[in-house]
Each structure stands twice: as C-alpha cells, then as structure tokens.
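Asks: Predicted model, plus sequence, below.
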Amino acid sequence: MAKDIEDLMLAVIDAPKPENLEALKSAVAAKADAETAEQLETLWEEWESRKLSAPEAKYILAIAALGVPNK
C-alpha cells in the first residue's frame, strides 16, 4: 500500500475508490500544511477537466473541512 501523500494521490487518480480517498484524506489530515496543499494541486488539476463522482466531491468537501491552507 502506498505510504506518502504523493503515492496515495496517484492511487486516487488511478482509482478513485472510497478506500483510496479515505487513505489520502487520513494522510492529509495528519499533515495539513502548505506543502500538502501544493501536492494536492495535481489532484485538483486532474479533476478539473471532468465530472466528479459523488465520493470525489465528498472528498473535496472533507479536505476543505480540514482547513488545509492555500499553497
């Protein structure tokens, strides 16, 4: 299983399954800083060009609720 935020993010891009989203959310919650926000930028760019699924949309709301600062 992927360990760092970048690996978890790539797993989410490859397969946005609820368990992948939850693993990434947990990693982000543990390190909700500007560096993490910068890493998430790749995910936001990937999702920007397509319609999001309900789990992906819920994930974005959950990340917002964590208060991750802008990069």
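Replies: Good, I have the coordinates. Numbering: from 1, shown residues only.

Asks: So Asp33 versus Gln39, what's the distance?
Replies: 10 Å (Cβ to Cβ, to the nearest Å). In this view, the C-beta of every residue, glycine as well, is placed from N, C-alpha and C.

Asks: What of Pro69?
Replies: 13 Å.

Asks: Could you check the pLDDT of Asn70?
Replies: For Asn70, the pLDDT comes out at 71.

Asks: ok, back up a step: neighbour count for Asp33 and Gln39, which is higher?
Replies: Neighbour count, other Cβ atoms under 10 Å: between Asp33 and Gln39, Gln39 has more, with 18 against 11.

Asks: tell me which element the more buried one falls in.
Replies: helix 34-48 (DSSP states H and E).

Asks: by contact count, what packs against that helix?
Replies: Using 3 or more Cβ pairs under 8 Å, 6 or more residues apart in numbering; DSSP states H and E, the elements in contact with helix 34-48 are helix 5-14, helix 54-66.

Asks: tell me the mean pLDDT for that helix?
Replies: 89.

Asks: Buried residues in it, which are they?
Replies: Thr36, Ala37, Gln39, Leu40, Leu43, Trp47 (16 or more other Cβ atoms under 10 Å).

Asks: That helix vs helix 54-66, what angle?
Replies: Angle of helix 34-48 versus helix 54-66, following axes from the mean of the first three to the mean of the last three Cα atoms, to 10 degrees, is 150 degrees.

Asks: by how many degrees do helix 34-48 and helix 5-14 diverge?
Replies: Using the same axes, to 10 degrees: helix 34-48 against helix 5-14 is 10 degrees.

Asks: In CSV, list the C-alpha atoms belonging to helix 34-48.
Replies: Below are the C-alpha coordinates for helix 34-48, written out as CSV (Å, rounded to 0.1, in the frame of the first residue of the first chain):
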residue,chain,number,x,y,z
ALA,A,34,1.1,24.3,2.7
GLU,A,35,3.4,21.6,1.4
THR,A,36,0.5,19.1,1.4
ALA,A,37,-1.7,21.7,-0.3
GLU,A,38,0.8,22.0,-3.1
GLN,A,39,0.9,18.3,-3.5
LEU,A,40,-2.9,18.2,-3.8
GLU,A,41,-2.7,20.7,-6.7
THR,A,42,-2.0,17.9,-9.1
LEU,A,43,-5.2,16.1,-8.0
TRP,A,44,-7.3,19.2,-8.3
GLU,A,45,-5.9,19.8,-11.9
GLU,A,46,-6.7,16.2,-12.8
TRP,A,47,-10.3,16.5,-11.6
GLU,A,48,-10.8,20.0,-13.0
